[in-house]
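Visitor: Give me a model of this one.
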Amino acid sequence: MMGFIYFFSAMPGDESSLQHSRVIDFLAWLGIDLYQILGTDAVWWVRKTAHFVLFGILSLTYLHGFRKNKRACAYPISWMMTLLFAISDELHQYYVPGRVAYWGDVMIDILGGTFFLLGIKFFNIIFLKRGSI
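Guide: The predicted structure is shown next:
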């Protein structure tokens, strides 16, 4: 997952914009016209949703790895690793042509990680009647 995020993070600004436009075009092909729903903010929403979801999935991959090693503090360690990778991702983007380091993205990334980690925690407690994965 880290490699996947790094791959997209390393794309220059114009290529990155093209990828997001392709997502919007694909959704339009499916009958979901984001430009009609969100107007000119459609690309922004696609970008931020990608941050939220990808870093949420990243946090779960960390959790899975730490749970396999039977770490008692797998949730906080997974959250911290997600935060550190989010920071390093934005620092990396600072050096990519046409990209900028936007610290608001770190907040969106960590919100995604927090949401996914809490979601799996509550799922385990409510549906599986256990406190861990």
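Visitor: Please point out which parts of the lowest-mean-pLDDT helix or strand in the chain sit buried.
Guide: One helix or strand of the chain scores below all others by mean pLDDT, DSSP states H and E: helix 13-29, with a mean of 88. For helix 13-29, a neighbour-count test (16 or more other Cβ atoms under 10 Å) marks Ser16, His20, Val23, Ile24, Leu27 as buried. All C-beta atoms are positioned from the backbone trio N, CA, C, and that covers glycine.
Visitor: Make a markdown table out of those residues and add distance to Phe85.
Guide: Output for the buried residues of helix 13-29, formatted as a markdown table (distance: Cβ to Cβ, whole Å):
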| residue | distance to Phe85 |
| --- | --- |
| Ser16 | 18 |
| His20 | 21 |
| Val23 | 22 |
| Ile24 | 26 |
| Leu27 | 27 |
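Visitor: closest to Met80 among these?
Guide: Nearest to Met80 among the buried residues of helix 13-29: Ser16, at 27.2 Å, using Cβ to Cβ.
Visitor: Now the two most distant members of the buried residues of helix 13-29.
Guide: Across those, the longest distance by Cβ to Cβ is 17.3 Å; it joins Ser16 and Leu27.
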